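Predicted model, plus sequence, below.
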Amino acid sequence: MTFNRLPILTIFVASANSFALEPMTDEAMTQVTGQNGVYLSGDITFNELGGPLTSTDPNNIDPDGAGPLIAVWGSCAQKAAGEVERCGARLSAKTNATEGYYVLDEMRGKLSFEGLTLKAREIDQSTDDFGGDEVAFDGKTVLEIGLPNNIRFEDFSYNLATSNTARPTDAGHQQRDLYGVEINGNIEMHGNLLLFPTGTP
């Protein structure tokens, strides 16, 4: 029985070795064709558990159960007075050096996407038409973002606002909520988004 197993074991070892990774020469690489790019799918959940935020409002409970309450971000007592504070996520962006901030506030829920692509693209002014902008970038490489084929929203909501500071805890903070959005369902998207480089790398 022992002698019958030896040839099988030898063949198995030889087969495993034949599929081992090996370096490729430059000549071999010239025979390989393909294209650049990344295809992404995934999901993002904003504050699924509510967010570990507290304030010094009366009757609030420290999330970790130890030490005094610390004003980490801002007050959400109007949402859950007397309980561990749970606020939505916040994203603020400054569009120029003098004006205030655009804010996506109280972001909650989940969004899933399928078919987001990233790849490098060379601009050719003879074939690309971006209203004249292609001339300045002729021959340069830009990042092309292919919009997802499908985006699914589950209990997703946010408030669009303007603010004079990035954070609610900054001195003199004032914010004006413009409108709120609640989304459930699917959105189909088509097209590409190009990111053009600026400055000297």
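Sure thing, it's come through.

what's the host helix or strand of Ile151 in contact with?
In this structure, Ile151 sits in strand 150-163 according to DSSP states H and E. Residues outside strand 150-163 that contact it (C-beta atoms under 8 Å, 6 or more residues apart in numbering): 46, 88, 92, 100-115, 173-189. All C-beta spots, glycine's among them, are computed from the backbone N, C-alpha and C.

helices or strands up against the longest strand along the chain?
Across the chain, the longest stretch assigned as strand under DSSP state E is strand 101-122. On a contact count with 3 or more C-beta pairs under 8 Å, 6 or more residues apart in numbering; DSSP states H and E, strand 101-122 meets strand 38-46, strand 89-94, strand 141-146, strand 150-163, strand 175-188.

Return the angle between stretch directions for the third one and strand 101-122.
The directions of strand 141-146 and strand 101-122 differ by 110 degrees, with axes from the mean of the first three to the mean of the last three C-alpha atoms, to 10 degrees as the criterion.

count of neighbours near the closest residue in space to Arg108 that isn't next to it in sequence?
In space, and not counting its chain neighbours, Arg108 is closest to Gly88: 4.6 Å by C-beta to C-beta, 6 or more residues apart in numbering. If you count neighbours by other C-beta atoms under 10 Å, Gly88 ends up with 20.

any idea how far Gly88 lies from Gln174?
Plainly put, Gly88 is 19 Å away from Gln174 if you go by C-beta to C-beta, to the nearest Å.

pLDDT weak spots in this protein?
Low-confidence segments of the chain, defined by pLDDT under 70: 1-20, 34-35, 48-87, 199-201.

what's the domain layout of it?
Using automatic domain parsing, the domains assigned to the chain come out as 35-48+88-201, 51-87.

Ok, which of these comes nearest Met24?
Nearest to Met24, of all those, is domain 35-48+88-201, at 17.8 Å by C-beta to C-beta.

what separates the residue nearest to Arg108 from Thr169, distance-wise?
16 Å.

residues touching the residue nearest to Arg108, list them.
For Gly88, counting by C-beta under 8 Å, 6+ apart, the contacting residues are Phe46, Asn47, Gly51, Asp105, Glu106, Met107, Arg108, Ser157, Tyr158.

Was I right to think the second one contacts Lys110?
Going back to what we said before, that points to Asn47. No. Using C-beta atoms under 8 Å, Asn47 is not in contact with Lys110; the gap is 10.2 Å.

out of those two, which sits in the busier spot?
More neighbours surround Asn47 than the other of Asn47 and Lys110, with 17 against 14 (other C-beta under 10 Å).

Pairing partners for the strand holding Ile151, with directions?
strand 101-122 (antiparallel), strand 175-188 (antiparallel) (DSSP bridges).

hang on, the earlier thing: write the PyMOL selection for whichever of the contacts of strand 150-163 are buried.
Buried residues among the contacts of strand 150-163 (16 or more other C-beta atoms under 10 Å), as a PyMOL selection:
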select buried, resi 46+88+92+100+101+103+104+105+106+107+108+109+111+112+113+175+183
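
Now the phi/psi pair for Gln174, please.
Main-chain dihedrals, Gln174, degrees, to the nearest 10: phi -140, psi 140.
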